[in-house]
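Q: Below is the structure, and that's it, no one-letter string:
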């Protein structure tokens, strides 16, 4: 059960509500976010919500049987829209497109990518400055200095930044320079990281775990929301299965299911989803038709020279064609 509190609720009113629901056999946890105040009440005893609905300070009460309550669509029917400023949004109407290299490599690469995005009216650039790599000998990113350089160049061109945060200690240093924190597949259940991201006033995109279920992804988002951050985005990026023909198995099914289960926007990552460059456009289009609110993919001036993930990265010509097709596909499915 979610008890939505009035904005002007005072501490005495909130305590009275907690005491009442405790007497009914429910445990409660206060949650204060950028947008509202809530009490998340957990219990199994059935009761008439009118017995507490009259209490001062309560704006609304919602019965939510799901384990993940705050991210559930069963209490918030209207979709959440993430506003990055300057007219850039994720969720609601329109298809958000985010593109860029796997890794930020140098100033020239950043400038080339920004020029490509500006030419195609794509306002969000993805890229990694801290890279979790399977091999300790692989390129692991330029770090905070690379992020600062990227930020300076992006801001001059009106480009927003989404980049992966790998550990709690990186949040503070990255905070001034990113518009969206990305939680990668390897950190989806790093609950210390999720808790800390719940304390920041920046959007967070959570990728599905390498072998994670849909409900586990939603539970990860619940951690961030319950810690105080409502600005959340879910990302389907494929899961590890027994199939060896592709890097991962892109779960297109997850997109409409997540949209039905949660009010949060859903983004698809076809680059990691299939991991094979020539098939990325088809998977991106399939995800769009399946109802994704956004597509995030990898592009590079010369994928064969990319420091990481070149095999799944589109060149700029391929990227430009995909952007046009994505927008056409999105417009085609609108009522």
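A: The structure has been received and is ready for your questions. Just so we're clear, the structure is a prediction, and the values are computed from it rather than from any experiment.
Q: quick one: which helix or strand includes the spatially most central residue of the chain?
A: Geometric centre of the chain, nearest residue: residue 205, 2.0 Å, by Cα atoms, centre = their mean. Residue 205 belongs to strand 204-207 when assigned by DSSP states H and E.
Q: Count the residues that sit near the spatially closest residue to residue 268 that is not a sequence neighbour.
A: Nearest non-adjacent residue to residue 268, counting by Cβ to Cβ, 6 or more residues apart in numbering: residue 287, 3.5 Å away. Placement of C-beta: from N, CA and C, glycine included. A total of 27 residues lie near residue 287 under the criterion other Cβ atoms under 10 Å.
Q: sec struct for residue 287, please.
A: helix (DSSP: H, G, I helix; E, B strand; the rest coil).
Q: so what's it up against?
A: 236, 250, 252, 255, 268, 270, 273, 295 (Cβ atoms under 8 Å, 6 or more residues apart in numbering).
Q: In strands, which of these fall?
A: Counting by DSSP state E, those place 236, 268, 295 in strands.
Q: will you turn those into JSON lines that also has distance to residue 201 and pLDDT?
A: Shown next, in JSON lines, are those (distance: Cβ to Cβ, whole Å; pLDDT from 0 to 100):
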{"residue": "236", "distance to residue 201": "26", "pLDDT": "98"}
{"residue": "268", "distance to residue 201": "26", "pLDDT": "98"}
{"residue": "295", "distance to residue 201": "26", "pLDDT": "98"}
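Q: Wait, residue 79 touches residue 262, no?
A: No: when contacts are counted by Cβ atoms under 8 Å, residue 79 is not listed as touching residue 262 (9.1 Å).
Q: check which helix or strand covers the residue nearest to residue 322 when sequence neighbours are not counted.
A: Distances taken as Cβ to Cβ, 6+ apart put residue 281 closest to residue 322, at 4.8 Å, once the chain neighbours are dropped. Element membership of residue 281, judged by DSSP H and E, is helix 280-289.
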